[in-house]
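*Asks:* everything below, folded, please.
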Amino acid sequence: MNFTAIDFETATGRPESACAVGIVTVENGVITEEYYTLIQPPDNEYWYKNVMVHGIKPIETLDKPMFDDLYPEIHKRLYGRKIVAHNETFDRNVLKKTMKWYGLYYDELEIADKWECTCRIYRAKGYKPANLKACSDRHGIALNHHEALSDARACAKLYMLHYRQLALF
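*Replies:* A predicted model of the protein is given here:
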């Protein structure tokens with residue numbers, strides 16, 4: 001089981017405003033690498049409601065690199081991989097729109113147009129609610145919700161748990 005779990009936090013309601021990313025690499029069902037960084041969003045602009053969700057403030061990203069400067073690190077962790085996210089539509093949209101904002105091409109990553117989604121998987125299992133916190137709590141997975149690396153790690157563990165459960169049948 002090889003895949004990469006990813007989670008973004010955004011500074012505003014615009015998808016190109018990524019302000020943090022967490023990436024967890026899984027090889028043969030084992031977490032082998034974790035990557036986390038803050039990202040300076042365009043104009044270092046933040047909306048109050050986003051800050052209230054994730055706690056990242058403009059002062060924390062003022063001197064951080066912008067996405068295009070971090071892209072080589074992100075690229076090497078995503079290139080050609082199966083990608084998993086808890087709300088894949090959100091995270092995929094953030095990645096695509098942020099790349100486009102900086103003149104980068106999503107197709108260069110050679111990843112699927114639609115990713116695996118642990119929210120969708122657990123909703124199909126009948127979980128209500130199927131948000132990341134509820135799923136993590138139900139399975140005793142530690143979570144510092146809306147901290148990108150913690151969210152990506154929890155997503156990776158939920159995905160591995162799902163496939164281990166399938167292997168029992």
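
*Asks:* specify the local secondary structure of I141.
*Replies:* Put simply, I141 is coil when judged by DSSP: H, G, I helix; E, B strand; the rest coil.

*Asks:* separation between it and L132?
*Replies:* 9 Å (CB to CB, to the nearest Å). From N, CA and C alone the C-beta is placed, and that goes for glycine too.

*Asks:* same drill for those two, tell me which one is more crowded.
*Replies:* A direct count of neighbours by other CB atoms under 10 Å for I141 and L132 places L132 higher, at 24 against 18.

*Asks:* next up, the contacts around the more buried one.
*Replies:* H86, N87, T118, C119, L143, H145, D151, A154, C155, L158 (CB atoms under 8 Å, 6 or more residues apart in numbering).

*Asks:* got phi/psi on P15?
*Replies:* As for P15, its main-chain torsions (degrees, to the nearest 10) stand at phi -60, psi -20.

*Asks:* before we move on, the earlier item: which among the contacts of L132 gets closest to Y48?
*Replies:* Among the contacts of L132, H145 lies closest to Y48 (CB to CB), at 18.6 Å.

*Asks:* what does the longest helix along the chain contact?
*Replies:* Within the chain, and with DSSP state H defining each element, the longest helix by residue count is helix 148-167. Helix 148-167 is contacted by residues 1, 3, 5-9, 20-24, 26, 29, 31, 34-36, 54, 84-86, 116, 118, 121-122, 132, 135-136, 139, 141-145 when judged by CB under 8 Å, 6+ apart.
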